[in-house]
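In: sequence-free structure coming up:
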């Protein structure tokens, strides 16, 4: 929770380095199967690619327990919608799907 507050403070102060430090130092190591979707939301809200990448890794690692969760379905639908907007869709264009397949 402290990391999320620091990210919010960094964003409010227009200090992207503070936001990035909070994500990298406290949130990336804390990503687990139980909190991965909340962390993914934070990553996308604050534009933390490193945190988002770690979330995708955790989803791939815990796919056997997450595959039927409504949160995963929602994330995949969002990914597909964003990719479709760009056109010429392939499975490898959807980052989460590509990571899971590898």
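Out: Happy to help now that I have it. This is a predicted model, so every value here is computed, not measured.
In: what's the burial count for residue 60?
Out: Per other CB atoms under 10 Å, the neighbour tally for residue 60 reads 16. Quick note: C-beta positions are derived from backbone N, CA and C, even for glycine.
In: quick one: contacts of the one helix or strand it maps to?
Out: Using DSSP states H and E, residue 60 falls within helix 49-61. Outside helix 49-61, the residues that touch it by CB atoms under 8 Å, 6 or more residues apart in numbering are 20, 23-24, 27-28, 31-33, 36-37, 39-40, 42-44, 66, 72, 75, 95-96, 99-100, 102.
In: which parts of stretch 54-70 are buried?
Out: Residues of stretch 54-70 classed as buried: 54, 55, 56, 58, 59, 60, 61, 62, 66 (neighbour count, 16 or more other CB atoms under 10 Å).
In: and the second one, how far is that from residue 7?
Out: This points to residue 55. Going from residue 55 to residue 7 by CB to CB, to the nearest Å gives 14 Å.
In: before we move on, what about the fifth one?
Out: The span separating residue 59 from residue 7 equals 20 Å under the rule CB to CB.
In: what's the nearest residue to residue 4 if we skip its chain neighbours?
Out: Closest residue to residue 4 apart from its sequence neighbours, by CB to CB, 6 or more residues apart in numbering: residue 42 at 5.8 Å.
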